[in-house]
Each structure stands twice: as structure tokens, then as C-alpha cells.
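Trainee: A predicted structure for the sequence below; I have some questions about it.
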Amino acid sequence: MKPLLAAGLTLLWLGGQVGSAIAATTYFVSPTGTDISTCGTQIAPCKTITFTLVKTSGGDTVLVNAGNYNECVTVQPGNGVGGVTLVTAAYLNNATIGAATLDGTNQCDGGNGSSLFAVASVVDGSALRGFNVKHGGDSAIWGFGAVDITGNVVTASATSTIGGGIWVQMGNNLTDPNAKATIVNNAVTGNTANLDGGGIYVEASSSGVPSVVEIDSNTITGNMAGAGGGAFGSGITVFSDTAAASDSSTVKITSNTIDGNTASNSADGTHFGYGGGIFVATGSSVGAGTESITVGLKGSGNAVRNNVAEGYGGGISANLQPAPGSNHTIVVEGNTVSANTGKKAAGGIHVYGVELDMTSGTGTIHVQDNTVTGNHATGALADINDRGGGGLFAELYTFRTPTGINDFRIQRNSITGNDSSTLGGGASLLVLASDDPNSDGTTAPTDNTLSFTNNLLATNKALDPATTSARGGGEYVLVEAYGGQAAATVDHDFLTVASNKTDTASGGLEWDAFPGPNSLFTTGATALSLSNSIVVGNDGYGVGGGVMPGPGQAVSISYVDAFANVGADWESQLGVTPGVTPGVISVDPKLDLAYVPPLCSATIDKGDPAVAADAEPKPNGGKVNLGHLGNTPAAIQTFPDLNGDKTVDGIDVLGLAVSFAASAPDPRFNPAADLDFNATVDGLDLSYLTAFFGQTCP
């Protein structure tokens, strides 16, 4: 029988009977200990972790004192049943990381004839906490199933394949449907993978048991991936997969700092590196079930900075690949993505989605509430693979996939100060639909619609000093539809596009469209729209491009303030005329340094009257505002000047008082005093009015 120790003792009660308690034991390890059959107590600790782990059973803890342990360990109970916790005393007592070192030098790094293994192999249900883990020859840490890897320093390790720092494989290693893998509060730095995942690599697959992974609050810096063949991810790499429709995989990546990682192209340049900071993909093999990957959440986003992808997505690359009938979701939310570089495209965020023969199921991509600033997309227009998108590049493809399957949204992002040497200093969007992907006449309806809403595009640049031919300072869009049953659409709504620069064409929004034929020589339909937006102070045209409104190229523009764009507000073929085209005006919006209009801007309450203003704070005039804050809780309120003298004063209060408590159709009812549009002048209206008392519109 194992000794019952006061320190670390846990009792598991079964059946409510005291006599059936099972004791979990804490074993102690110290560099000054001795590996003998009786070691493991606090007074007589063992010397090595490996020797101690053999003594354990499921639920036990191995507590390790500070020091250097030159060994490679397998973290599982000695009898192989259940899980065990391997933790340093410094971490357990004070959350101090790295006080005890697991060093694989000459043990599992290939030195002195040793084999190439991980320094720590953590088995399903077990935990590794608080160590400095280094010099692994095939990753620093392996995790098999629902493991807990917390509070470690993971460094100076390498692999010829995937996962230089931490490699976790779910799938067949999972046993408990209620368990999850956690990678939390680790410092993962200076590791190398010849293929994918220099810092962390997770295979979040599910086959019969749900796969749940949380990667939270880690610092991931200076890792390298891809020299052996082009990398998917250097900081964090996640592939989800589901073997059957009933399987599920869920991954959350939150509150991490990912800095200075590099995803390389292959040496021959034929395979590109994706996701210098983070790479995620659904449906890596089968993708038959429900898969969800969340990169950041509002309030717990990741800081992704100074990373490089020699291909696409210097900061983040997110890839959606659902199988027919499956339900896949990727959400990229609340992240700060800055100073990253994509050498082919997508300096900040890369989004890729492809749906083939999805007659049922869903494919969802939401990129929202991110701050994307100071990122760089390099490359050359002569290379068809160089697609621009200094801040963001989204490429979305649907093949024989009808309306209602995809939900693609890019919304509420601040995209500022990014640059591209090709297309789209702020954002580059490619949306393609084909009803005949194999060009064999096997066609079916397909729809691809991207919603691009409530985004700020400001001070971005599309500039190439060598050719001076870069286009689309704020945004570049290409929509393509092939075949008579194919439709591709990009809807722009509630944008602020300001002070962007370009070599040529449109500094604001540059649009191209191509409705092409399929093998049966029927032609697809493209559509572009812009509404409820502000386009001001951009180089070249405010809005223009190669799109030619007409058959197969629908263009809809309404309720836009375009003002003081250097070339012209609108390229002529768009046929837009202020005062004639519905809701289009040309007045100074008077934006401040944060690109927010003032209280008395002419853009307040000038949005489409068919759009309810319920999301805007009251008083809201009953109409939405133009610009990226329109139709949101952050919208500028309507100035409650009842008598139109540009000041809220006693006269306005008196006007409201005369109508107080009156409701339509009472003759005393004054609609101008009904600031919340509830058909009664009441205390709420008075509170809205007095909140602005004494303010004046210039």
C-alpha cells in the first residue's frame, strides 16, 4: 500500500462510504534524493523523475524541487491507467515557472548517440506544470489526448517534422468525452520545426470522442517553421478534423502574445509558408462533422505582432474546408494584429474558404472586432500568387454550393496604416463562384456572398516604388462568377474609407468584376454594392476600378458621402451623381483624428431610411448614420435641437415642456420633441434633451 501523506493528499469518495475512499499520493523528487525502492516521501525524495513516475498510479502527483533533471520522461502512471500530475514545487506554491529544468541534452536530442524524442511525453489525462523544458530532438513536449500543459518554459528544441516546441495529438488518444486539452500560460520560444508549427502544433481531430482544445495566455516568440517544405504556421498551428457527422472538434485560441515567429517557404519556392503567427484549418482530412475554431474573443484577443509568412498571412491564416453536409466555423475576433509581413499576400490576416458540393451543412467565417494596423504585404503584380492585402486578404471560393450554405462576414474591424506593394493596402478581397468546377458540364447552382460591414479603412497604402502600378489604397476587390448558375457578391455597408493612398486608379475602393463562362458557355453574374458609408480624402478615385455596370456586372450604390477624393469621388462608368443617386452626397464629414464624425456632421442620420436605427443610442433621429460606427451602439447621437437654431437651450426645453405627456394625435404633441419615437413626449425625451443642454453646433 502507498503511504498516505498529508501533503497533497486527495480523497475520492465512492458510493458515499468512508471505507471505500481511494487515496491519491504525492511523491517527491529532488536533485539531492536517491532512487531506491522506498524513496518518494518529502523526507526521502527520489532523485530522478523517471524513477518516481514508475511508482505512481492514476490520480497521483509528482512534486519536483528546483534543479536540473537531465532526462526524458513519459508523464503517465506507472501502471498506465488514468493520469498523473508532474509539477514543480515552485509552480505549485507560487506559480513560478521554469524553476526545475527538464533537459534533453544527450538524452533525446541526438547527442552522444541518443535517439530523437520529446523531452516530456504527456499521456491522456496527465499534466505537466511549471518546468523549463529544453533540448528536445523531436519537439520539447508531446501530448497525447486531453493533457494539461501549463506554466512551462519551452525552448531550444527542434523537430524534422511538426511541432518544434509542443505537439499535441487528440483523436484516438482521447478517452473521456468530458475532458479537454489545455495549453496555458507557457513561454514557447526559440523552437524550430522543419515542416509545420515551430512553436505549438495541435492536431484537434475527433473520432468517436469529442475533441476540445484551449490555448490561452501563452507567450510564443522567435519560433521558426517550414525550411523543409513550406510551413503551415510558425507560432501556433491547429488542424481540426472530424471522422463522422456525429463527431465534433472545438478549439479556442485566446489571450496569447505571438511575436517574431517566421513561417518559411520551401527552399525551392514551390510551397508557401502560411500564418507566421497563427495558422488554423478545419477539415484537414475528412471534415465530416461539426468543427469550430475561435482565434481570439472580444475582450480576450491575441496580440499578434512582428511575425513573417514568406507566403500568406504574416499574422494569422485561417482556413475553412468543410465536407458536404458538415458544419464548420472559424471566428477571428478581438485580436490586435500589427507589424506583421506576408511576402506573397495578407500582411495581417489571411482568410481562405472553399466549399465544394455543399448542398447541406454550413460554412461560417467571421472576421470581426480586430485592430489590424501597420502590416505589410509585399510581392509583385506580375506574379499571380501575389494578391496584396496589407491588412487583410480574404479568398473565398464556392463550387456547386447554393445560397444559404455559407456565412462569410468581415465586420467591425479597424484596418489602418497597412501597406501593400500590389493590391489593397488595407484589404484585398477575392470572391469566386463556379457552377462547373471540373469544366465537364456537371453544373449546379452556386452562390458566394461576402458581407463587408462596419469597417474602418484609413491611412492604408497601395504603393510600389518600382512600378508605380499598385491599386486600391483602402481596398481591392475582385468578384468572379463562372457559369449561368453562379453568382458572386460583395456587399459593402457602413464603411469609413479615409486618407488612403495609391499609385494609380482608386485610393479608396478599387473594384474589378469578371462574369465568365463555364464549359457550356453560360455566363455567371457578379454584384457589388456600397451603402451607408463615408469615402473621403483618398488618392485617385474614391470608388472605381475595372467593373463595368451592365449585364453580369451589377453595381448598387446609395447613401454614401464621397468628398474631397484627389482624382474624383466616383469613376465615371459607375454613373453616380450626388443629389441624383439616392442618398449620395458630397459634403465634408469633418472626421476627427479617430475618423469619427462630430455631433453636427452632415453624415448623422443620412443613412438608408429602410434600415432601422434601433442599434444606435437614443436620441438617434430614427435614421442610421453613415460610416463605420453607423447602426452600432457606438454611433454618434442625433443633436436634439428642437427649434433648429443649432443650440440646445431653454427654448428647446420649453418646447418639450409644452408637449409634455402629450401623445399623438393630441394637438399639443410635437413630433420633434418625441426623441425616442414612442409617440409620447415623456421623461425619457426630457432626459435625452437635457443631456445635450448648452451644446452648440458650429
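Mentor: Received, thanks.
Trainee: from here on, contacts and neighbour counts on C-alpha atoms
Mentor: Noted.
Trainee: what are the buried residues along the biggest helix by length in the chain?
Mentor: Counting residues, the longest helix found in the chain (DSSP state H) is helix 650-659. Buried residues in helix 650-659, counting neighbours by 16 or more other Cα atoms under 10 Å, are found at Asp652, Val653, Leu656, Ser659.
Trainee: could you redo those as CSV and give each row pLDDT and distance to Thr282?
Mentor: Shown next, in CSV, are the buried residues of helix 650-659 (pLDDT from 0 to 100; distance: Cα to Cα, whole Å):
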residue, pLDDT, distance to Thr282
Asp652, 96, 58
Val653, 96, 59
Leu656, 96, 58
Ser659, 95, 60
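Trainee: what's the longest helix of the chain in contact with?
Mentor: By Cα atoms under 8 Å, 6 or more residues apart in numbering, the residues outside helix 650-659 that reach it are Asp641, Leu642, Asn643, Arg668, Phe669, Asn670, Ala673, Val681, Leu686, Leu689, Thr690.
Trainee: so the second one touches Ala672, yeah?
Mentor: Yes: the pair Leu642 and Ala672 passes the contact test of Cα atoms under 8 Å, sitting 5.8 Å apart.
Trainee: quick one: which of those two has more around it?
Mentor: Per other Cα atoms under 10 Å, whichever of Leu642 and Ala672 has more neighbours is Leu642, with 23 against 18.
Trainee: related to what we said a few turns ago, what is the nearest of the buried residues of helix 650-659 to Ala615?
Mentor: Closest approach to Ala615 among those (Cα to Cα): Leu656, at 24.7 Å.
Trainee: is it true that Asn413 touches Asn454?
Mentor: Yes: contact criterion Cα under 8 Å: Asn413 and Asn454 qualify, at 7.1 Å.
Trainee: which of these two has more neighbours?
Mentor: Shown here are Asn413 and Asn454; by other Cα under 10 Å, Asn454 has more neighbours (27 against 23).
Trainee: which residue packs closest to that one, ignoring adjacent ones?
Mentor: His628 (4.2 Å; Cα to Cα, 6 or more residues apart in numbering).
Trainee: show the pLDDT at the closest residue to Ile97 other than its chain neighbours.
Mentor: Leaving aside its sequence neighbours, Ile97 sits nearest to Gly130 (Cα to Cα, 6+ apart; 4.5 Å). Looking at Gly130, its pLDDT is 98.
Trainee: show me the contacts for Gly130.
Mentor: 87-88, 90-92, 95-100, 150-153.
Trainee: for the residues you listed, which single residue is the most surrounded?
Mentor: Highest neighbour count within the contacts of Gly130: Thr88, with 31 neighbours (other Cα under 10 Å).
Trainee: which residues does that residue bridge with?
Mentor: Per DSSP bridges, the residues bridged to Thr88 are Val64.
Trainee: that one and Ile36, how far apart?
Mentor: Distance, Thr88 to Ile36, by Cα to Cα, to the nearest Å: 21 Å.
Trainee: low-confidence ranges in this structure?
Mentor: For the chain, the stretches with pLDDT under 70 are 1-22.
Trainee: repeat that for 80
Mentor: Confidence mapping of the chain against pLDDT under 80 gives the ranges 1-23, 228.
Trainee: tell me the domain boundaries of it?
Mentor: 139-377, 379-400+418-577, 640-698 (automatic domain parsing).
Trainee: okay, and the nearest residue to Pro640 once chain neighbours are set aside sits in which element?
Mentor: Distance criterion Cα to Cα, 6+ apart; nearest residue to Pro640, sequence neighbours excluded, is Leu689 at 6.0 Å. Here Leu689 sits within helix 683-690, counting by DSSP states H and E.
Trainee: now do that helix against helix 650-659: the angle between them, please.
Mentor: Helix 683-690 runs at 170 degrees relative to helix 650-659, counting by axes from the mean of the first three to the mean of the last three Cα atoms, to 10 degrees.
Trainee: nearest residue to the middle of the protein?
Mentor: Most central in the chain under Cα atoms, centre = their mean is Val332, positioned 2.1 Å from the mean C-alpha point.
Trainee: related to what we said a few turns ago, TSV for the contacts of helix 650-659, including distance to Val580?
Mentor: Below are the contacts of helix 650-659 laid out as TSV (distance: Cα to Cα, whole Å):
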residue	distance to Val580
Asp641	28
Leu642	29
Asn643	29
Arg668	37
Phe669	34
Asn670	32
Ala673	31
Val681	36
Leu686	37
Leu689	34
Thr690	37
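Trainee: the residues you listed: which two are farthest apart?
Mentor: Across these, the longest distance by Cα to Cα is 20.4 Å; it joins Arg668 and Thr690.
Trainee: mind listing the strands the one helix or strand Val213 maps to pairs with, and their directions?
Mentor: In this structure, Val213 is located in strand 211-216 according to DSSP H and E. If you go by DSSP bridges, strand 211-216 pairs up with strand 181-184 (parallel), strand 248-254 (parallel).
Trainee: tell me which helix or strand comes right after the shortest one.
Mentor: This means strand 181-184. Beyond strand 181-184 in the direction of the C-terminus, DSSP H and E gives the next helix or strand as strand 187-189.
Trainee: nearest to Val624, out of the domains of the chain?
Mentor: For these, the distance to Val624 is smallest for domain 379-400+418-577, at 8.1 Å, taking Cα to Cα.
Trainee: any idea how far that closest one is from the middle of the chain?
Mentor: 22 Å (Cα atoms, centre = their mean, to the nearest Å).
Trainee: just use 5 as the starting number from now, easier for me
Mentor: Shifting the count to begin at 5 puts that one at domain 383-404+422-581.
Trainee: could you check how far the residue nearest to Asn458 is from Pro621?
Mentor: For His632, the distance to Pro621 - Cα to Cα - is 15 Å.
Trainee: the more surrounded of these two?
Mentor: Each of His632 and Pro621 has its neighbours counted (other Cα under 10 Å); His632 has more, 28 against 17.
Trainee: all helices of this structure, in order?
Mentor: Assigned by DSSP H, the chain shows helices spanning 53-57, 93-98, 654-663, 687-694.
Trainee: what about the strands in the stretch 405-554 of the chain?
Mentor: 410-415, 418-420, 423-424, 431-438, 450-457, 460-462, 465-466, 479-486, 490-497, 500-502, 505-506, 510-520, 529-540, 545-549 (DSSP state E, counting those that start in this stretch).
Trainee: direction included, what does the second one pair against?
Mentor: Looking back up the chat, that one is strand 418-420. strand 375-377 (parallel), strand 460-462 (parallel).
Trainee: again, but for the last one
Mentor: Sheet partners assigned to strand 545-549 using DSSP bridges are listed as strand 510-520 (parallel), strand 572-574 (parallel).
Trainee: try the first one
Mentor: Partner strands and pairing direction for strand 410-415 (DSSP bridges) are strand 366-372 (parallel), strand 450-457 (parallel).
Trainee: most packed of the ones you listed?
Mentor: Scoring the strands paired with strand 410-415 by mean neighbour count under mean count of other Cα atoms under 10 Å gives strand 450-457 as the most buried, with a mean of 25.
Trainee: which residues are contacting that one?
Mentor: Contact partners of strand 450-457, identified using Cα under 8 Å, 6+ apart, comprise 400-407, 410-416, 435-439, 489-499, 632.
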